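Student: please work out how this folds:
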Amino acid sequence: MPYLRLVNACLAFGHVPLLDHADFQLDPGERVALIGRNGVGKSSLLAALAAGSGRGRLDDGEVWTQPGIRVGYVPQEPPFDAEATVFAAVVSGMGETSRLLAEYHEVSHRLSEGAAAPAKESEALLTRMAELQHELEARGAWAYEAQAERVIARFGLDPEARVGSLSGGQKKRLALAQALAVAPEVLLLDEPTNHLDIAAIEWLENLLIESGVTLLFITHDRAFMERVCTRIVELDRGQLASFPGSFGKYQERKEAMLHEEALANARADKLLKEEEVWIRKGVEARRTRAVFRVQRLDRLRAERAARRDQMGKVQLQLDAGDKSGKLVAELEHVHKNYGQRAIVRDFSARIQRGDKIGVIGPNGAGKTTLLRLILGELQADSGIVRQGTKLEVAYFDQFRTQLDPNASLADVISPGSDYVEIGGARKHVIGYLEDFLFAPERARSPVSSLSGGERNRLLLARLFAKPANVLVLDEPTNDLDIETLELLEQLLQDYDGTLFLVSHDRTFLDNVVTQTISAEGDGVWREQVGGYAEWAEWSAARRARDEAELREAAREQKRKDEAAKAENRQNSRSTVENAENAAKNTGKKGEKLSWKEARELEALPDKIAGLEAEQAELSKKLEDPALYQRDPQGAQQAAERLAAIDDELLALLERWEGLEAKAGNAA
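Tutor: Presented below is the predicted three-dimensional model:
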C-alpha cells in the first residue's frame, strides 16, 4: 500500500498552471528526488503533500495519505521562534506533549543550576516537576523525550542554545532534527543541503540512507541526488514524469524524450502549415468530401494552442573586460588571527591570471577571510601579500545583501539607465532581463517579490552586466535549477578571467575549478591541483595513512605495555618469593588476613577476569580499520583505555600475589 498519493491534482499561480491534472505515488522504502525548473511549483507540491489527506492547498484533485502514518516535513525556510531553546523547537511538533516536555526540560534545567535558590522557589519547582512527571507519564511521553534528546545529540546541537543564536547550517540541522524527533515513516525535505558544508552533506547522505525512512526531497545537488535517490520525478509544465534509477540515467532518458517531443512538434507544425495553406484555397475546402480535413484542421489548431512549449533557457554572457596582469596575487607565510583563534596560519600561494580556484572548508573555517586577504581587502597580521595589476573584481554574495528588496529589477541591473553594455554592445535592460527568464512585465517589480532561485538569477544578471577579470562567487548554486547550473558551469569553463569559487556543490566544483584551496583545521590551508574529486581522493589517502600510523602506534604501544607487564609480573613474583623465603628463614608466620582483606582476595579473580574481557574486546575493536575513519576520537580513547587496563591488571595481580602470600604464611 502506498504511503502518499496525489490524484488529478490542479494548482495554478495566476494564469500559470503549476499542476495540471497531475498524479503521483510514493511507496514504502522509496527515496524520490523531485526536480524541475525554478518556479514550476515543486515547493507548492511538497507543501500540498505535507498538508495531508483532502484537497488542502490544491485548486482541484486530492491528496491521499495512509491512515496513521507519521509524516515529517522540512520546508526550505522553516519558521522558528528565535527565543525558543533548541530542545523546545525540536519537540514543538508533538502537540500538547511538546509544551509539557519543553516545560519539564526547563524546570529540570533550573533545578540543576539553582543550588543557591531560595528554599521556597526550589520547593515550587520540585512540586511543578512532580506534576509534569505525572502528566507526561499519563501520556506515555518519555519515549518522545528520549527520541528528541537522541536526535539533538546526533545533530551536534546544544539543547539549551537559543534558536536565534544559530547559524544557517545549524538551523538546517535543527529543522531536520525536529522532523526526525517524531520518528516519521515519511520525510518530505525541501532543499535539505542548502547552508550545509560538504562534511555535513555527506553526513546527511549517510543518515538518510541508513535510517531507511521513505523520502521525497527537492534538490538541485546532483551528487546528493546520485547518492541518495532511488527514483527521480520531474515536474515540467504541470505534469509529473517518473524516471527510476540514478541522475545519470535520468539525463539519458530525458534527452531522448525531448528529442522525440521536438520531432513530434515539428511534424505537427508542418501538418498544420500544410492544412492552413489548403484551407485558404476556399472553394475546394467547401466540398463535402473535404469536411474531414476542415475538422482535422480545427483539431490541429486546438492542439497547437493547448501545447505548452518547454520553458526557455537562461542566456548567460560574461564579459571578462581588459586582461589583468599575469600575477593576480602572491602570498608568503601569511598569518591572520581573530582573538586567540588562528584563521590563516603560515599560508603561501601564487595566483595567476586564468586560475579557477575552488575554496573548500566547513562553515566558519574562514573562507571569506582568506579571499579578502588574497584580494588585499584585509590586512594580514604577518607575512607578505602582493596584488597584481589591472584587477577588476566582481562579487556574488550568497546572502544577497547586494540586492535592495525595494528596488525594481531594472534598477538593480542598470540604475539610472535603460541600457546595459555587454561585450561592447548596448542592450535594453528589459531584453537583458528576458535573457535571465524575467518577463518584460516584471522589469518594474520589486526584488522582494522574487523567489530564492529568481534572486540568484537576478544577482547573476547584475554580476554579468559589468566587465570583470576576477570573479568571486560565494555559493552561487543555491536555489538554481539543474539546467541553469549546467549553463553557468559552461560559462565559467569558457571564462578567460580568474575565478574564486566558494561552493558546497561537489559536482559544480569538479566541473569548473582547476585547483583547490582547502581548510585543514587550526588555520592551516592547503593548495593542490584538481577539483573536489581529487581533493577528496587525497583526503581519503591521507586519512588512511594517518589511521595506519595510529594503528601501528597502538600496536607498538601494546607490545611495549605487554613487555613491561611481563617484566613487572616477574619482578612481583620475585618479590613475593623473596618475602616467603625470608619468612621461612626466620621461622616467622605472616599475620592472618583481616575480614576485609579476605573479601578483597575473594573478589580479585572476578575483577581481573572482567578487565581481561574488556581488554580483549578493545583489542578486537582497534583491529578494525574502519574505526579510525569512522570515529578517530573513539579509536584514540579506546587505545588509551587499553593502556590503562594494563596498569590496572598489573596492580590487581600484584595485590593478589601479596594477599595470597600473606594468607599462605599465616596458614
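Student: the strands in the stretch 451-600 of the chain, which residues?
Tutor: For the stretch 451-600 of the chain, strands defined by DSSP state E, counting those that start in this stretch occupy the ranges 470-474, 498-502, 515-521, 524-529.
Student: just send those strands back as CSV, with distance to V71 too.
Tutor: C-beta here means a position set from N, CA and C on the backbone, and glycine is covered the same way. Shown next, in CSV, are these (distance: least, Cβ to Cβ, whole Å):
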stretch, distance to V71
strand 470-474, 35
strand 498-502, 35
strand 515-521, 38
strand 524-529, 43
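Student: closest one to S594 among those?
Tutor: S594 lies closest, by Cβ to Cβ, to one member of these: strand 515-521, at 55.4 Å.
Student: and the contacts of the closest one?
Tutor: Residues from elsewhere that reach strand 515-521 (Cβ atoms under 8 Å, 6 or more residues apart in numbering): 349, 355-362, 365-367, 370, 509, 525-532, 534-535, 539.
Student: just the buried ones from the residues you listed?
Tutor: The neighbour count (16 or more other Cβ atoms under 10 Å) marks 349, 355-362, 365-367, 370, 509, 525-526, 530-532, 535 as buried among the contacts of strand 515-521.
Student: show me what the strand or helix carrying V233 is packed up against.
Tutor: V233 is part of strand 231-236, with elements assigned from DSSP states H and E. Secondary-structure packing of strand 231-236 (3 or more Cβ pairs under 8 Å, 6 or more residues apart in numbering; DSSP states H and E): strand 16-26, strand 31-35, strand 239-244, helix 247-279.
Student: and those as CSV, adding distance to A564 and mean pLDDT?
Tutor: Putting these into CSV (distance: least, Cβ to Cβ, whole Å; pLDDT from 0 to 100) gives the following:
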stretch, distance to A564, mean pLDDT
strand 16-26, 61, 90
strand 31-35, 53, 95
strand 239-244, 61, 92
helix 247-279, 57, 72
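Student: helix, strand or coil for N8?
Tutor: strand (DSSP: H, G, I helix; E, B strand; the rest coil).
Student: shift numbering so it begins at 314
Tutor: Sure thing, new numbering starts at 314, so read that last one as N321.
Student: backbone torsions only: list them for the closest residue to it other than its chain neighbours.
Tutor: Take N321 and drop its neighbours on the chain: the residue closest to it by Cβ to Cβ, 6 or more residues apart in numbering is G374, 4.3 Å away. G374 adopts backbone torsions of phi 90, psi -170, taken as degrees, to the nearest 10.
Student: give me the distance between G374 and K567.
Tutor: Here G374 is placed at a distance of 25 Å from K567 (Cβ to Cβ, to the nearest Å).
Student: now do the same contact list for the residue nearest to S480 when sequence neighbours are not counted.
Tutor: Distances taken as Cβ to Cβ, 6+ apart place N676 nearest to S480, at 6.3 Å, with adjacent residues excluded. Neighbouring residues of N676 by Cβ under 8 Å, 6+ apart: 480-482, 508-510, 513.
Student: now W848
Tutor: Neighbours of W848 in contact, by Cβ under 8 Å, 6+ apart: 673, 829, 831, 841.
Student: so the most centrally placed residue in the chain, which state does it fall into?
Tutor: Compute the mean C-alpha point of the chain, and by Cα atoms, centre = their mean the closest residue is I514, 3.0 Å away. Here I514 is recorded as helix under three-state DSSP.
Student: per-residue pLDDT of it, please?
Tutor: Residue-level confidence at I514 comes out at 89, pLDDT.
Student: other residues contacting stretch 698-715?
Tutor: 634-645, 647, 666, 686-689, 768-769, 772-773, 775-776, 779-789, 791, 815.
Student: let me know the average pLDDT across that stretch.
Tutor: 80.
Student: in that stretch, what's buried?
Tutor: 698, 700-701, 704-711, 713.
Student: report how many residues lie close to A879.
Tutor: When neighbours are defined as other Cβ atoms under 10 Å, A879 has 11 of them.
Student: sorry, wrong one. I was asking about A488.
Tutor: A488 has 25 nearby residues by other Cβ under 10 Å.
Student: now do L805
Tutor: Neighbours of L805 (other Cβ under 10 Å): 21.
Student: can you give me the end-to-end distance of stretch 779-795?
Tutor: 25 Å (Cα to Cα, to the nearest Å).
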